[in-house]
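> following is a predicted model, sequence given first.
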Amino acid sequence: MEIVRSKTVFVSLLLSLIAALLAVFAWEFVFKLSVYLSNYLTVEKMSLNWWSALMMISVALAIGYLSEKFSVKRIFKFAVPFVAVWAVLSFIAATYFSVNLFFLRTASVILLPVFFVHLKKLWLIDSELTEKLVELASAGHILEGKSADLRIESGLRLLETVFPLSEAIVFRLHENGTLNPVGRARGEHSDDSAMARQSAWRESIALCERALKSRATVIETGESKTKSAQVALPLIYEGVAVGVLFVKVYRDFERADQYVLESFCGQLARNFQRRELRGKDLPNKFWWSFLSTNSTENRVGTTSLIKSLMKEQSFSAVASSYLKEAHAIAYLDGTLAYLNRQMRHLAELNSEQIYELDLFGLLENFKTDIFSEPHLAIRRVLQTGDTYQNELYFQEKNQTLDLQISLVKVPSDDVSIHETNVAMKPACFLITLRDISAIKENEKLRSDMTSLMSHELRTPITSIKGFSELLLMDDKISEEQREFLMIISNESQRLSKMISTFLSVSNLEQSDKKEFSKVAVKLDTVVREVVDELQETAKRKRIRLVEQPNETLPPIAADKGLIRRAVSNLVDNAIKYSPERTSVMISTVLESDFLRVVVEDRGYGIPADEQEKIWQKFYRVARDGQDKEEESTGLGLPLVKEIIEQHGGNVTVESEVGQGSRFSFTLPRL
């Protein structure tokens, strides 16, 4: 077929030649037969000579070529008037001049090529249409994920989960009217005796035949106490019965369950119909298929298959209306494909506005100070493929929305969407809006309460610390009292430090990146200052601090105080959790788009299953034999993480128990 399509002009000329030969020699045969049957002729008594036949063949080829290039309607505009004029001329020539102009042959030479070429065009279009239908149906099969047989099995498992089944059987209705079982599930309460099974089988078949005959659900209830029931439901799709579902429930059957079973049967009927249609021959299996009624029926079945698949795919759009989030789908040209109810409500759109709206018109309804140019966000998503996310605050409504714009990518047309590790190409945009006003309000209330309590605790702690230090200045107290006062002073100081760190983390979580006073900061200078500051602490524990500076580092835009605090926490932790006579290495590294600070120790290490948890507030790694001085508040690393992420960087850890840890963070370079 592809060869024919690639040489369509040649085929048209060949068909025209065949038409010309038919016109010339068929009429010649007719005329000779007419002479034989009757000794006189009423039309065209003279035979063609060779040059007349050659001329007619040439005309047929020309007509065939023109028919290939132009439509039959356009050809007939000239061909029909010409044939009519030729008929008049042939009548005049034969009547008054006894000249035969071969009207019948000429008309056949003109009209037959047009008919043959047009028939070829119809065949090609019909074949292409059939191929497109088959391709579309196959694409739908890619979206299904499971075959019809597997879907029947999973459906029966669902029934076993939902209902107390004794038995469930799926029957397929054969063309001869018999019922063939194609799926079966048996519960724990089924009777296993041969006689009981045979009797139950006859009853189930009879019940299913009644359901098929009435085309309605048939229910036979058992004892009123147990509420057992036998139910037969016909599987009907688009008015065609394709099978029956028989269900036997041994207890607690309610009339409301009938609706559940009938809904399930609707899906099962679609699966059956799909299975039947896929089992038939393809409509374009042979070149003469367009003349076959069976092939045409199969093509009609293919359209039913496509309709079934499209209906199932539409469920996903309907299901999104039940989500709390607002969703919109837009094509790459900005045309809106779908908006769920929540999106229409948030954007305050009526039905008329939806049809006139595009992607940018929709995003205009959500413009704020930090989301003032939606087209820049769309451009960024297209360029990078990353999801754009931002929080939009509307002061007049006291409403906060979480906005996400994602670029949806799909595999090529001949690959299932369920495949992994395949090349993906952009298909559309997904816009998601989530109302987080209540979450933000709760976070604010919680943060305010935490800050208030922390500030209220500072005053008594400061008093305790001050009075304990004042009492320690008295030389008359005993050594035992002095020891107790030292414990009070140290613990109050530790508690004060923990509250300060906790407040710092809370303030950072509430703040916006724009609130930082960012200046150009030399990261190697910050590291050197921290090392100098903590040298005395390291010496007391006989730990050597080794700095590996990089003098070629470019500056970064950051809050110097916060970055210094992050580096100090990491180095202080490395000193605290390293044994004596070990080293702590602090290095700065220049990468392509980032600057990296690495703090590496030879300490106790962190178990692999706890390495993600150490970034949580108040989480502390338990270790046998840990000194009191080494105990942590569980707030240092969360503070480091919050500081670095607020500056657009990331924190990482690599650790092995007994071998040490390697903490690092990155910051974007200028």
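Ah, there it is. Numbering: from 1, shown residues only.
> L359 touches L332, doesn't it?
No - with contact defined as CB atoms under 8 Å, L359 does not count as touching L332 (9.5 Å). The C-beta positions use only the backbone N, C-alpha and C, and glycine is treated the same way.
> the spatially most central residue of the chain: which element?
Nearest to the mean C-alpha position of the chain, counting by CA atoms, centre = their mean, stands V408 at 6.8 Å. Using DSSP states H and E, the element containing V408 is strand 399-411.
> where does the prediction get shaky in the stretch 1-150 of the chain?
1-9, 11-12, 15, 19-50, 133-150 (pLDDT under 70).
> all helices of it, in order?
2-6, 8-21, 27-37, 50-69, 72-96, 103-144, 148-162 (DSSP state H, counting those that start in this stretch).
> what of the stretch 351-500 of the chain?
351-356, 359-364, 374-384, 437-472, 479-510.
> mind checking the ones you listed for the one nearest to P549?
helix 479-510 (27.3 Å; CB to CB).
> could you list the low-pLDDT ranges of the stretch 451-600 of the chain?
Within the stretch 451-600 of the chain, the ranges that satisfy pLDDT under 70 run 451, 453-455, 501, 504-517.
> the same query, at a cut-off of 90, please.
Within the stretch 451-600 of the chain, the ranges that satisfy pLDDT under 90 run 451-524, 537, 540-541, 548-562, 565, 569, 573, 576-581, 589-594.
> what's the neighbour count on V526?
Applying other CB atoms under 10 Å, we find 22 other residues in the vicinity of V526.
> can you check P607 too?
Neighbours of P607 under the rule other CB under 10 Å: 13.
> which residue packs closest to it, ignoring adjacent ones?
With CB to CB, 6 or more residues apart in numbering as the criterion, P607 has its nearest non-adjacent residue at 5.8 Å, and that residue is V657.
> flag every buried residue along stretch 156-174.
Neighbour-count burial for stretch 156-174, counted by 16 or more other CB atoms under 10 Å, picks out 156, 159, 163-173.
> wait, stretch 229-241
Within stretch 229-241, the residues scored as buried using 16+ other CB under 10 Å are A229, Q230, V231, A232, L233, P234, L235, I236, Y237, A241.
> report the contact partners of the spatially closest residue to R482 that is not a sequence neighbour.
Nearest non-adjacent residue to R482, counting by CB to CB, 6+ apart: L472, 6.5 Å away. By CB atoms under 8 Å, 6 or more residues apart in numbering, the contact list for L472 reads R482, L485, M486, S489.
> the last one: how many residues sit nearby?
Spelled out, that is S489. 18.
> now do E580
7.
> what's the answer for T226, then?
Under the neighbour criterion other CB under 10 Å, T226 is assigned a count of 14.
> element containing it, please.
T226 belongs to no helix or strand, assigned by DSSP H and E.
> before we move on, the earlier item: which of L359 and L332 has more neighbours?
L359 (24 against 13).
> tell me how far that one lies from T226.
L359 sits 59 Å away from T226, taking CB to CB, to the nearest Å as the criterion.
> kindly report the same for E610.
54 Å.
> go on, V72?
73 Å.
> how about V584?
For V584, the distance to T226 - CB to CB - is 75 Å.
> can you check I644 too?
If you go by CB to CB, the gap between I644 and T226 works out to 65 Å.
> isn't N650 right up against T666?
Yes - the criterion here is CB under 8 Å, and N650 meets it with T666 at 5.4 Å.
> please enumerate the shared neighbours of the two.
I644.
> buried stuff in stretch 111-118?
L111, L112, P113, V114, F116, V117, H118.
> how far does that stretch sit from the chain's center?
Stretch 111-118 has its C-alpha centroid displaced from the chain centroid by 50 Å (CA atoms, centre = their mean, to the nearest Å).
> ditto for stretch 53-60
That offset, for stretch 53-60, works out to 62 Å (CA atoms, centre = their mean).
> can you give me the buried ones in it?
Buried-residue list, stretch 53-60, by 16+ other CB under 10 Å: A53, M56, I57, V59, A60.
> same question for stretch 355-366.
So, applying 16+ other CB under 10 Å, buried residues of stretch 355-366: L357, L359, L362, L363, F366.
> least confident of those residues?
Among these, L357 carries the lowest pLDDT, at 84.
> thinking again about what came up before, can you pick out the most distant pair from the buried residues of stretch 156-174?
P164 and L173, at 27.6 Å, using CB to CB across the buried residues of stretch 156-174.
> return the member of the buried residues of stretch 53-60 nearest to K307.
The nearest member of the buried residues of stretch 53-60 to K307, counting by CB to CB, is A60 at 44.5 Å.
> measure I644 to K560 for me?
Distance from I644 to K560, by CB to CB: 14 Å.
> chain neighbours aside, what residue packs nearest to E203?
E203 sits nearest to Q230 (CB to CB, 6+ apart), 7.2 Å away.
> in a strand, the one you found, correct?
Yes - checked against DSSP: H, G, I helix; E, B strand; the rest coil, Q230 lies within a strand.
> ok, now which ones touch it?
Q230 neighbours (CB under 8 Å, 6+ apart): E203, S204, L207, I219, E220, G222, F246, V247, K248, V249.
> could you do L61 as well?
So L61 contacts L13, S16, L17, A20, P113 (CB under 8 Å, 6+ apart).
> just the C-alphas of whichever strand or helix holds A566, formatted as PDB.
Assigned by DSSP H and E, A566 falls within helix 560-576. Provided in PDB are the C-alpha atoms of helix 560-576 (Å, rounded to 0.1, in the frame of the first residue of the first chain):
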ATOM      1  CA  LYS A 560      27.700  37.700  56.900                       C
ATOM      2  CA  GLY A 561      26.500  37.200  60.400                       C
ATOM      3  CA  LEU A 562      24.200  34.300  59.500                       C
ATOM      4  CA  ILE A 563      26.800  32.500  57.300                       C
ATOM      5  CA  ARG A 564      29.400  32.900  60.000                       C
ATOM      6  CA  ARG A 565      27.000  31.300  62.500                       C
ATOM      7  CA  ALA A 566      26.300  28.400  60.100                       C
ATOM      8  CA  VAL A 567      30.100  27.700  59.700                       C
ATOM      9  CA  SER A 568      30.700  28.100  63.400                       C
ATOM     10  CA  ASN A 569      28.000  25.500  64.300                       C
ATOM     11  CA  LEU A 570      29.400  22.900  61.900                       C
ATOM     12  CA  VAL A 571      33.000  23.400  63.200                       C
ATOM     13  CA  ASP A 572      31.800  23.400  66.800                       C
ATOM     14  CA  ASN A 573      29.900  20.200  66.300                       C
ATOM     15  CA  ALA A 574      32.900  18.600  64.600                       C
ATOM     16  CA  ILE A 575      35.000  19.500  67.700                       C
ATOM     17  CA  LYS A 576      32.400  18.300  70.100                       C
END
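> list the buried residues for that helix?
Those would be 560, 562-576, for helix 560-576 by 16+ other CB under 10 Å.
> need the contact list for E391.
Here E391 is in contact with T400, L401, D402, L403, I436 (CB under 8 Å, 6+ apart).
> surely R564 touches D532?
No - using CB under 8 Å as the test, R564 is too far from D532 to be in contact (11.6 Å).
> hmm, back to that, between N650 and T666, which one's more packed in?
Neighbours were counted for N650 and for T666 using other CB under 10 Å; T666 has more, 19 against 13.
> how near is the residue lying closest to I63 once chain neighbours are set aside to K73?
Ranked by CB to CB, 6+ apart and with sequence neighbours excluded, the top spatial neighbour of I63 is P113, at 4.4 Å. Between P113 and K73 the computed distance is 16 Å (CB to CB).
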